[in-house]
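# Predicted coordinates and the sequence they were generated for:
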Amino acid sequence: MPSLQLLKLGRKANRYWLYISLVWFLVQGSSLTYPTIRFWDDYLYYAEETATLPRNVVPNPGRSQIESLLLAVSPGSFRVAVFLLLPISAILLHRVLGKTSGIVSEVERRLITTTFLFFFPWGFSLAVILTLFNYVLALTGFMFAWNAVISTNPVVRWLLAPILFVFSFRLPSLILFTIFPLTHSLWISRRTWRQLTDRVVLALVVIASGSLYYPVLEVFGYTFKDGYNQVLPSRLVKGVLVLFLAATVSMYGIVRYRRISEHNGTAPANVYLYASLASLMFGVAAFPYLITGHLTDSTSFLLPLVPGAGGYTGRHLILFAFPLSVLSAAVIGAVDQRFSRRFSQVLVMSLALLGVSSSIEWKVDALKQQAAIQAISQIEDLGDFRFVFVNDRTSVLNAKGRDIRSYEKEGWVRQAGGNSELKQLYPATSECSESVLGKEIELTSPNLSRIRALVRRGLPIVVSVRDSILCHQ
């Protein structure tokens, strides 16, 4: 009976979301266990009770107000929000995939959604950094906008879609990425001239909004700091070349898709369709970061995906969740049907394990930071120190192989009870024009094993202090 079949499908859907929720909690849940810990630029912008985001550094109106509200609750509220927003983005993608006129099967829809979600703990694990909350917020706004622009309700389409797209433009790379939801909107209305005309006009409004977004912000004093996001001719050539290659591969895939679908139906041809879309998405996602110099070569793309490597470069990979998830459907489609289910399970499990590995790295990084602050707080007369050099010999425990910035180390010493005017300097060299007498605080640990630190829920940090000649200029 049809009703019985629908009931079974509903139960399977509920089970799917239950499994996804459980695995997501296991993979990303550890980020909720260090609510007060700050990383990287968090020490610049969130050291006080309110977010201090200068207009010439972060050109996003309203961002300081939103993040100050979160900070007033707790720094951990950022991570709670990220923990919730990323699954919401995946759910919204799942809804988008449901409006493809049956081209995307339910199995492919779930696979793309799952791969999309579990890319983030692996490829964008830096989301635990408070400063990057804005990226996740923009992505979620973009997915709401995508759902709005393909809606059949004209009020939702015309009122909400432009507002949500403009909200998402706080992440500049999403401006170009709007070609995908706009194309989707035009495609679903291709058979009705009146609807198509309406959606073309809406698409032009969104494109105009994206083109004018940052020029208008500059009028109100919101600008990028000097040299940041600067487009150079060599970078532009590289970006155009990558985009051209991606578009060429995409066009070939579309041609193959049309030929095969005419003879064998859409299901066998979907491999080429997904590969084509993944290629184009990769080119469009990479283009803004290539022309501004944030990604320079293949190492920039691949190194952040390696456990224990990549540093802060991984923050530029947030949009790569789209091409990777679509590519997963192409790969599974190319596998013999007898093994496709098992292969998809292995793929999702591998992503989950990579996510767990990254989560462990950040958890241990947080444990190390807590232990370092506690050890530094035991130093006598710490409040009298004016110039320090924190010599961290436990850097092997840093998540993603990141470097600890000087302002982070200053933050550690201040949290431990140091002077608010304290400065982190480095040992004087022959090139130093002015030197001062300061203190070297050396941090070591007899335990440099992440697993042991995780099991013991802490790290033994040994601190030693000595006089040191430091470079002031």
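Done, it's in. Numbering: from 1, shown residues only.

# So for residue 368, what's the nearest residue that isn't a sequence neighbour?
residue 397 (4.8 Å; Cβ to Cβ, 6 or more residues apart in numbering). All C-beta atoms are positioned from the backbone trio N, CA, C, and that covers glycine.

# shouldn't the one you found be in contact with residue 459?
Yes - assessed by Cβ atoms under 8 Å, residue 397 is found in contact with residue 459 at 7.3 Å.

# Overlap of the contact sets of these two?
Residues within reach of residue 397 and of residue 459 at once, by Cβ atoms under 8 Å, 6 or more residues apart in numbering, are 364, 368, 445, 453.

# Which ones among those residues lie within helices?
Of these, the ones assigned to helices by DSSP state H are 364, 368, 453.

# and which of those residues is nearest to residue 42?
For these, the residue nearest residue 42 by Cβ to Cβ is residue 368; the value is 15.5 Å.

# For the closest one, list the residues it contacts.
Counting by Cβ under 8 Å, 6+ apart, residue 368 has contacts 394, 397, 398, 445, 453, 459, 461.

# do you know how far it is from residue 458?
9 Å (Cβ to Cβ, to the nearest Å).

# One more: residue 122?
Distance of residue 122 to residue 458, given as Cβ to Cβ: 26 Å.

# neighbour-wise, which of those two wins?
residue 122 (25 against 14; other Cβ atoms under 10 Å).

# Which strand or helix spans that one?
Element membership of residue 122, judged by DSSP states H and E, is helix 106-123.

# Show me how far that helix is from its chain's centre.
Once both centres are worked out by Cα atoms, centre = their mean, to the nearest Å, helix 106-123 turns out to sit 14 Å from its chain's centre.

# mind listing what's buried in that helix?
108-123 (16 or more other Cβ atoms under 10 Å).

# now do stretch 278-290
Across stretch 278-290, burial judged by 16+ other Cβ under 10 Å covers 278-290.

# and residue 438, what are its phi and psi?
Backbone torsions for residue 438, taken as degrees, to the nearest 10, come to phi -140, psi -160.

# For the closest residue to residue 123 other than its chain neighbours, give me its contacts.
In this structure, residue 123 finds its nearest non-sequential neighbour in residue 317, 5.0 Å apart by Cβ to Cβ, 6+ apart. The contact partners of residue 317, taken as Cβ under 8 Å, 6+ apart, are 123, 124, 301, 304, 305.

# And residue 317, how close does it get to residue 375?
34 Å.

# pLDDT-wise, which helix or strand of this structure ranks last?
When the helices and strands of the chain are scored by mean pLDDT, DSSP states H and E, helix 2-28 comes last with a mean of 69.

# what stretches of the stretch 51-200 of the chain score poorly on pLDDT?
The stretch 51-200 of the chain contains residues with pLDDT under 70 at 51-60.

# picking up where we left off before, the residue nearest to residue 123: what secondary structure?
helix (DSSP: H, G, I helix; E, B strand; the rest coil).

# Look at it and report its pLDDT.
If you check residue 317, the pLDDT there is 87.

# Strands of the stretch 251-400 of the chain, start to end?
Taking DSSP state E, counting those that start in this stretch as the test, the strands found in the stretch 251-400 of the chain are 387-392.

# what ranges of the stretch 251-400 of the chain fall below the confidence cut-off?
Using pLDDT under 70, the stretch 251-400 of the chain drops low at 262-269, 335-339.

# Could you measure from the closest residue to residue 384 other than its chain neighbours over to residue 202?
Leaving aside its sequence neighbours, residue 384 sits nearest to residue 419 (Cβ to Cβ, 6+ apart; 7.3 Å). To residue 202, residue 419 is 57 Å away according to Cβ to Cβ.

# Neighbour count for these two, which is higher?
Using other Cβ under 10 Å as the criterion, residue 419 and residue 202 rank with residue 202 on top: 19 against 16.

# just checking, that one touches residue 161?
Yes - counting by Cβ under 8 Å, residue 161 is a contact partner of residue 202 at 6.8 Å.

# domain assignment for the protein?
With domains defined by automatic domain parsing, the chain comprises 2-359, 361-471.

# sorry, back to before: quick one: which two of the buried residues of helix 106-123 are the most distant?
Largest pairwise distance in the buried residues of helix 106-123, by Cβ to Cβ, is 22.2 Å, between 108 and 121.

# quick one, the helix or strand following the helix holding residue 122 and helix 106-123 angle?
Next in sequence after helix 106-123, counting helices and strands by DSSP H and E, comes helix 133-149. Relative orientation of helix 133-149 and helix 106-123, computed by axes from the mean of the first three to the mean of the last three Cα atoms, to 10 degrees: 160 degrees.

# Which secondary structure elements does helix 133-149 sit against?
Counting contacts by 3 or more Cβ pairs under 8 Å, 6 or more residues apart in numbering; DSSP states H and E, helix 133-149 is packed against helix 63-73, helix 76-97, helix 161-168, helix 173-177, helix 179-188, helix 193-219.

# what about 10 Å?
Applying 3 or more Cβ pairs under 10 Å, 6 or more residues apart in numbering; DSSP states H and E, we find helix 133-149 packed against helix 63-73, helix 76-97, helix 106-123, helix 161-168, helix 173-177, helix 179-188, helix 193-219.

# circling back to that earlier point, tell me how far the residue nearest to residue 123 lies from residue 334.
Counting by Cβ to Cβ - residue 317 and residue 334 are separated by 24 Å.

# Then residue 374?
Taking Cβ to Cβ, one finds residue 374 at 53 Å from residue 334.

# same deal with residue 24?
Distance of residue 24 to residue 334, given as Cβ to Cβ: 27 Å.

# do the same with residue 451
The value you get for residue 451 to residue 334, if Cβ to Cβ is used, is 37 Å.

# can you check residue 133 too?
37 Å.

# between the two, which one's more packed in?
Counted by other Cβ under 10 Å, residue 133 and residue 334 do not tie: residue 133 has more neighbours, with 24 against 14.

# show me what contacts the residue nearest to that one when sequence neighbours are not counted?
Spatial nearest neighbour of residue 133, excluding adjacent residues (Cβ to Cβ, 6+ apart): residue 78 at 4.7 Å. Residue 78 makes contact with 31, 35, 38, 42, 46, 51, 67, 70-71, 127-134, 136-137, according to Cβ atoms under 10 Å, 6 or more residues apart in numbering.

# Just to check, residue 255 is in contact with residue 249?
No - if you go by Cβ atoms under 10 Å, residue 255 and residue 249 don't touch, sitting 11.0 Å apart.

# so what's in contact with the two at the same time?
Residues touching both residue 255 and residue 249 (Cβ under 10 Å, 6+ apart) are residue 276.

# These two: which is more packed in?
residue 249 (17 against 12).

# Sticking with that one, tell me its helix or strand.
Taking DSSP H and E as the criterion, residue 249 maps to helix 233-264.

# Please state the offset of that helix from the chain centre?
The chain centroid and the centroid of helix 233-264 are separated by 25 Å under Cα atoms, centre = their mean.

# for stretch 380-393, same thing?
With Cα atoms, centre = their mean, you get 34 Å for stretch 380-393.
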